[in-house]
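Engineer: This is a predicted model, with the sequence first.
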Amino acid sequence: MIDAIAHSNGAYRGIAVIDGRYRDKDLEALAEGGVRGVRFNFVKHLGGAPDIGFLKQTVERIRPLGWHLVLHFDADDLLEYEDLLRSLNIVVVIDHMGRVRAGDGLDQRPFQRLLDFMQNEMFWVKVCGSERCSSAGPPFTDSAPIARKLIETAPDRVLWGTDWPHPNIQGVMPDDGDLVDLISVFAPEPDLKHKLLIDNPARLYGFPDGQSAAD
């Protein structure tokens, strides 16, 4: 990843997955190389929650670097870890729309909790992973009301990403064309689309004005 960033002439940024072997000098080297945050996974079928003590220690170590967290949850984790999330006091990006289940509708408790988080300027969300949230399958349009509501709630703190090459997919591998087509369903307005794809990631990841690269 660091090599790819170095060869991008400033077009790329990275998010790291780290463990206890990383020292402060290692984190500083990653920052110099273009890393802007650390990702933690909570999803049960991928091993479940990380060591919470280590997560909290990591928050304190990355805070001086201006980094943020990217957290990958199951929907119910939004309820279980609410107190933890509210205590972190660092920018948190919730991946894949919190993996809320589209078939459970907009009134489901995990989604309502996600909307509550998005009232706080420390929280961002990636309106991607429709293939993971969908209850209907391809072309995953049943995820559109969820994504749309998130965009309307916090238009300046939403991001999009490809999730390519779609690791750990259970079932049908998504058509990337379907996923790209959903962008115009989520955000048909040019100004919102520009925020989603350019302005917001440029601000979060420290790109020059008007420059961004979706992950």
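Structural biologist: Structure received. Quick caveat: nothing in here was measured; it's all calculated off a predicted structure. Numbering: from 1, shown residues only.
Engineer: pretty sure L150 is touching M118, no?
Structural biologist: Yes. Here L150 reaches M118: they are 6.5 Å apart, a contact under CB atoms under 8 Å. All C-beta atoms are positioned from the backbone trio N, CA, C, and that covers glycine.
Engineer: overlap in contacts of these two?
Structural biologist: In terms of CB atoms under 8 Å, 6 or more residues apart in numbering, L150 and M118 are both contacted by the residues V125.
Engineer: Of these two, which one has the most company?
Structural biologist: Under the criterion of other CB atoms under 10 Å, the comparison of L150 against M118 puts L150 first, with 25 against 20.
Engineer: check which helix or strand covers that one.
Structural biologist: Here L150 sits within helix 144-153, counting by DSSP states H and E.
Engineer: Where does the residue of the chain positioned farthest from its centre fall, secondary structure wise?
Structural biologist: The C-alpha centroid of the chain is most remote from K25, which lies 25.9 Å away (CA atoms, centre = their mean). Using DSSP H and E, K25 sits within helix 24-32.
Engineer: Please apply the same query to Q112.
Structural biologist: Using DSSP H and E, Q112 falls in helix 109-117.
Engineer: in stretch 144-164, what counts as buried?
Structural biologist: Neighbour-count burial for stretch 144-164 flags 144, 146-151, 153-155, 157-160, 163 (criterion: 16 or more other CB atoms under 10 Å).
Engineer: swap that for stretch 28-37, sorry
Structural biologist: Buried residues in stretch 28-37, counted by 16+ other CB under 10 Å: 30-31, 34-37.
Engineer: Determine which two of those are furthest apart.
Structural biologist: Greatest spacing in the buried residues of stretch 28-37, by CB to CB: G34 and G37 (11.1 Å).
Engineer: For the protein, just list every one of the helices.
Structural biologist: 2-6, 24-32, 52-62, 77-80, 82-87, 109-117, 130-133, 144-153, 176-186, 190-194, 200-205 (DSSP state H).
Engineer: Quick one: distance of the first one to the chain centre.
Structural biologist: Distance of helix 2-6 from its chain centroid, counting by CA atoms, centre = their mean, to the nearest Å, is 21 Å.
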